[in-house]
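Peer 1: Have a look at this fold, sequence not included:
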């Protein structure tokens, strides 16, 4: 069994955490970051990810990824990379599990529609919505709204893709600006190495499982993938090693090899950047001026080519476009109805909207819709726009 690498000097430590906005006694059985992870797993928002679209709407097939299975795959990859680099695997896993909590139903189609509906009322951004879920919308504790996560986890949730201070003047980022004014998250710096690992793990997971799901859905086949950078060589090598193997196993083997190649690339490029930047402490990561955890230039080029293929053959496929169109109409019609007649929302949500101005009511409506699963949104729309016959 391989031995674990020595803890990196630039790794975050739960024992040196900046703490929580509301002070709490430490857990007797878990580190602060492990406790954050557990709080995320126990949220209603996390459970609802099981029926939120990744690419295919949740009811289209049991074997396609949902936001929940995607988040679990991201967390597994993040934990593996963090462990290999000597980082805090609990923190990397925590940020990975949290990163999609704010996604609305129907994937990016749902996000695009909420952006349109909210454009006159402060906008919508799924990263900001994730932050609002963990700091405000989840109501589970007597002393505070949200989850009262550690500073390092909150930083990772909002900054895992890099500094965000330039976004604070956007209306959709008002919630971040207000929170930051009370609890400084240093939005002009990069996040921890662990948070950056979660961001790269997201890229690795979705590019690989979109290839897998696309083949399963019949949008393209293994033969077509042989000419595509990154996945193509792995299909070729799998076929060479197992020429008589079932194509479904070859597909899985090729995806497995592509994940391995991408992980190896991240590890090699990150170690090169650590040496080059003389990174010796967590603060060095934040002040480096660029990402520490990264793909190599060659990998970035291959990924771009793969994404162009997926965009053309999968994300813009007419069957996917048809579902996106239906999804956007469902959300648009519900949003407009709830704005005009908020009393048709469940009592809890109607009460939240009742005493607010138009922009405040729109935010409540947006929160309600963003929290829906695909299945619930479809069913809610049916109940609202089709008269039920009661026996």
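Peer 2: Yes, it's here. Only a predicted model underlies this, so the values are computations on that prediction, with no experimental measurement involved.
Peer 1: Show me the shaky parts of the stretch 251-391 of the chain.
Peer 2: 389-391 (pLDDT under 70).
Peer 1: same check, this time on the stretch 51-200 of the chain
Peer 2: 54-63.
Peer 1: Just the helices from the stretch 151-300 of the chain, written as ranges.
Peer 2: 151-159, 174-182, 193-216, 222-225, 231-241, 247-277, 282-286, 297-310 (DSSP state H, counting those that start in this stretch).
Peer 1: Mind giving me the packing neighbours of the first one?
Peer 2: Read that as helix 151-159. Contact partners of helix 151-159 among helices and strands, from 3 or more CB pairs under 8 Å, 6 or more residues apart in numbering; DSSP states H and E: helix 32-41, helix 89-98, helix 126-132, helix 193-216. (Glycine included, C-beta is placed from N, CA and C.)
Peer 1: Return the most buried member of those helices.
Peer 2: helix 89-98 (a mean of 30; mean count of other CB atoms under 10 Å).
Peer 1: Name the residues of the helix or strand that it is followed by that are buried.
Peer 2: Counting by DSSP states H and E, the element after helix 89-98 in chain order, helix or strand, is helix 107-117. Neighbour counts over helix 107-117 (16 or more other CB atoms under 10 Å) mark 107-115, 117 as buried.
Peer 1: Dump the helices and strands packed on helix 151-159 to a markdown table, plus distance to residue 153.
Peer 2: Listed next are those as a markdown table, based on distance: least, CB to CB, whole Å:
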| stretch | distance to residue 153 |
| --- | --- |
| helix 32-41 | 5 |
| helix 89-98 | 5 |
| helix 126-132 | 11 |
| helix 193-216 | 8 |
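Peer 1: and of those, who's closest to residue 350?
Peer 2: For residue 350, the closest of the helices and strands packed on helix 151-159 is helix 126-132, at 19.7 Å, according to CB to CB.
Peer 1: Using the three-state scheme, assign residue 25.
Peer 2: At residue 25 the chain is in coil, as set by DSSP: H, G, I helix; E, B strand; the rest coil.
Peer 1: Counting neighbours, what do you get for it?
Peer 2: 5 (other CB atoms under 10 Å).
Peer 1: could you measure it against residue 42, distance?
Peer 2: As defined by CB to CB, to the nearest Å, residue 25 lies at a distance of 18 Å from residue 42.
Peer 1: now residue 337
Peer 2: Distance from residue 337 to residue 42, by CB to CB: 32 Å.
Peer 1: quick one, which of those two is more surrounded?
Peer 2: More crowded of residue 337 and residue 42, by other CB under 10 Å: residue 337, with 16 against 12.
Peer 1: contacting residues around that one?
Peer 2: By CB atoms under 8 Å, 6 or more residues apart in numbering, the contact set of residue 337 is 344, 384-385.
Peer 1: which element is it on?
Peer 2: helix 318-340.
Peer 1: so how far is that helix from its chain's centroid?
Peer 2: 22 Å (CA atoms, centre = their mean, to the nearest Å).
Peer 1: Nearest to residue 205 among the contacts of residue 337?
Peer 2: Distance to residue 205 across the contacts of residue 337 (CB to CB) is lowest for residue 384, with 34.9 Å.
Peer 1: Nearest residue to the closest one in space, please, no chain neighbours.
Peer 2: residue 337 (6.1 Å; CB to CB, 6 or more residues apart in numbering).
Peer 1: And residue 161, by the same measure?
Peer 2: Leaving aside its sequence neighbours, residue 161 sits nearest to residue 199 (CB to CB, 6+ apart; 5.4 Å).
Peer 1: Check residue 122 too.
Peer 2: Nearest one to residue 122, counting by CB to CB, 6+ apart, is residue 171 at 4.5 Å.
Peer 1: Just give me the neighbour total for the one you found.
Peer 2: Residue 171 has 14 nearby residues by other CB under 10 Å.
Peer 1: what's the distance between it and residue 368?
Peer 2: Residue 171 is 19 Å from residue 368, by CB to CB.
Peer 1: just residue 186 next, same as before
Peer 2: Counting by CB to CB, the gap from residue 186 to residue 368 is 32 Å.
Peer 1: And the two? Which one has more around it.
Peer 2: Applying other CB under 10 Å to residue 186 and residue 368 shows that residue 368 carries more neighbours, namely 21 against 15.
Peer 1: who touches that one in this structure?
Peer 2: Taking CB under 8 Å, 6+ apart, one finds 338, 345-346, 349 in contact with residue 368.
Peer 1: hmm, 7 Å instead?
Peer 2: Applying CB atoms under 7 Å, 6 or more residues apart in numbering to residue 368 gives the contacts 345, 349.
Peer 1: For residue 150, which of the helices and strands packed on helix 151-159 is the nearest?
Peer 2: helix 32-41 (5.1 Å).
Peer 1: Just after that closest one, pick out the following helix or strand.
Peer 2: With DSSP H and E, the next secondary element past helix 32-41 is helix 44-48.
Peer 1: And the helix or strand following that following helix, what's buried?
Peer 2: Per DSSP H and E, the first helix or strand lying C-terminal to helix 44-48 is helix 67-85. Residues of helix 67-85 classed as buried: 67-75, 77-85 (neighbour count, 16+ other CB under 10 Å).
Peer 1: Tell me how far stretch 314-331 lies from the chain's centre.
Peer 2: On the basis of CA atoms, centre = their mean, stretch 314-331 sits 20 Å off its chain's mean C-alpha point.
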